[in-house]
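Participant: just the structure for this:
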Amino acid sequence: MYQSLIDYEMALLQGIAQRRALSLAAINHTQTVELLAEQLLSPAALAITLDDLSEAEKEALQLLLSHGGKIEVPRFARDYGYIRPMGSARLVREQPWRNPVNPAEGLWYCGLIFKTFQATPEGNLEMIYIPTDLLPLLEITTPTGDPSSTLRTGRRPETGERLKIASGPTPQRVISGEGRLRENMFSLLIFLQTTPVRLQSSPKAEMVSLSHLTAKDKAPW
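Facilitator: I've put the predicted structure just below:
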C-alpha cells in the first residue's frame, strides 16, 4: 500500500482520506503516506468502506478479485469506466471523490484500486490492481468459495461457518456468572468514588489493584 501511495500528490492523498472519512494529522508528504497506508489497511475501516460501496463498485472489485487482483485497464473500463487524469489544481477545485462519475473512480478514491504499467511482449500495458497487502483482506471466503460474501458485508464470515471447535471436558466445578458483571461494575464505581485514583502517563505506572472485585469469584481448586 505504501508503494502504491508514495507517488501520489498531497491533493490526491487528502482526497482519498476525505472519501474514507480518515484523519491525517501529518506535517509532510512522507508522514501522510505512512498514516494513510496504515489506515487504509485497517480491517475495521475497510469493513465500513466495503459496506458503503454501490453494487456496481462491488461488482468491479469482485472482477479484480476473480483475476488475482490485477486486470488490464481497457478490459476493466469497458464495464466500469475510466479514471479521469487530474492534476492537483483540478483535484482541489472539483473534488471528484465527493461524486465519482463511475465505479472505477469510486474505488480509486476509496484507495482500493491503483494503476501501474506492466511489461508485455506487445509493450507496456496499463493495469488496474489491488495492492498485495490489501488483497488478502478482500479475499476472505466462505467454505463454499463465495468471496462476494466479504464484499456484501465487509466482514469475515461467522466463526461457525469456517471453523469447528471441539468441545472441552466438563469442568469439575462451574461458577455461575449470572449477575457478576453488574455486581463488579457497581463495586468498581463505588471504588472510584471512594478512593483517589490518578491516571499516569508512564507505562510503568503502578496499577490499581482490583483483586477484591473478583476475590469472591475464585474457586478453591
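Participant: shaky segments in the chain?
Facilitator: Across the chain, the stretches falling below the confidence threshold (pLDDT under 70) are 139-168, 171, 173-182, 197-221.
Participant: ok, which stretches of it are strands?
Facilitator: Here the chain has its strands, by DSSP state E, at 70-72, 114-120, 123-129.
Participant: for Leu64, find the nearest of those strands.
Facilitator: Closest to Leu64 of these, according to CB to CB: strand 70-72, at 5.8 Å. C-betas here are computed from N, CA, C, even on glycine.
Participant: quickly note the distance from Asn184 to Phe191.
Facilitator: In this view, Asn184 and Phe191 are 10 Å apart by CB to CB, to the nearest Å.
Participant: ugh, wrong one, I meant Ala44
Facilitator: Ala44 sits 32 Å away from Phe191 when distances are taken as CB to CB.
Participant: so between the two, which is more surrounded?
Facilitator: Taking neighbours as other CB atoms under 10 Å, Ala44 and Phe191 compare with Phe191 leading, 14 against 10.
Participant: what about that one, distance to Pro85?
Facilitator: Here Phe191 is placed at a distance of 61 Å from Pro85 (CB to CB).
Participant: what ranges do the helices span in this structure?
Facilitator: Taking DSSP state H as the test, the helices found in the chain are 2-5, 10-19, 29-40, 43-52, 55-66, 73-80, 88-94, 103-109, 135-138, 148-153, 159-162, 180-194, 211-214.
Participant: circling back to that earlier point, in JSON lines: the strands of the chain, plus mean neighbour count.
Facilitator: Output for the strands of the chain, formatted as JSON lines (neighbours: other CB atoms under 10 Å):
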{"stretch": "strand 70-72", "mean neighbour count": "17"}
{"stretch": "strand 114-120", "mean neighbour count": "13"}
{"stretch": "strand 123-129", "mean neighbour count": "15"}
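Participant: closest one to Ala104 among these?
Facilitator: Of all these, the one in closest proximity to Ala104, counting by CB to CB, is strand 123-129 (7.5 Å).
Participant: can you redo the strands of the chain as TSV with distance to Leu137?
Facilitator: Shown next, in TSV, are the strands of the chain (distance: least, CB to CB, whole Å):
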stretch	distance to Leu137
strand 70-72	16
strand 114-120	15
strand 123-129	15
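Participant: what's the closest of those to Arg93?
Facilitator: strand 114-120 (21.9 Å).
Participant: quick check: angle from the closest one to helix 73-80?
Facilitator: Put simply, strand 114-120 runs at 140 degrees to helix 73-80, going by axes from the mean of the first three to the mean of the last three CA atoms, to 10 degrees.
Participant: other residues contacting strand 114-120?
Facilitator: Contacts of strand 114-120 from elsewhere in the structure, counted by CB atoms under 8 Å, 6 or more residues apart in numbering, are 4, 70, 73, 83, 108, 124-131.
Participant: between it and strand 123-129, how big is the angle?
Facilitator: Using the same axes, to 10 degrees, the interaxial angle of strand 114-120 with respect to strand 123-129 works out to 150 degrees.
Participant: do I have it right that Glu34 meets Tyr2?
Facilitator: Yes - if you go by CB atoms under 8 Å, Glu34 and Tyr2 touch, sitting 6.8 Å apart.
Participant: isn't Tyr82 right up against Ala104?
Facilitator: Yes - using CB under 8 Å, Tyr82 is in contact with Ala104, at 6.4 Å.
Participant: ok, and for stretch 26-41, which residues are buried?
Facilitator: Across stretch 26-41, burial judged by 16 or more other CB atoms under 10 Å covers 26, 32-33, 35-37, 39-41.
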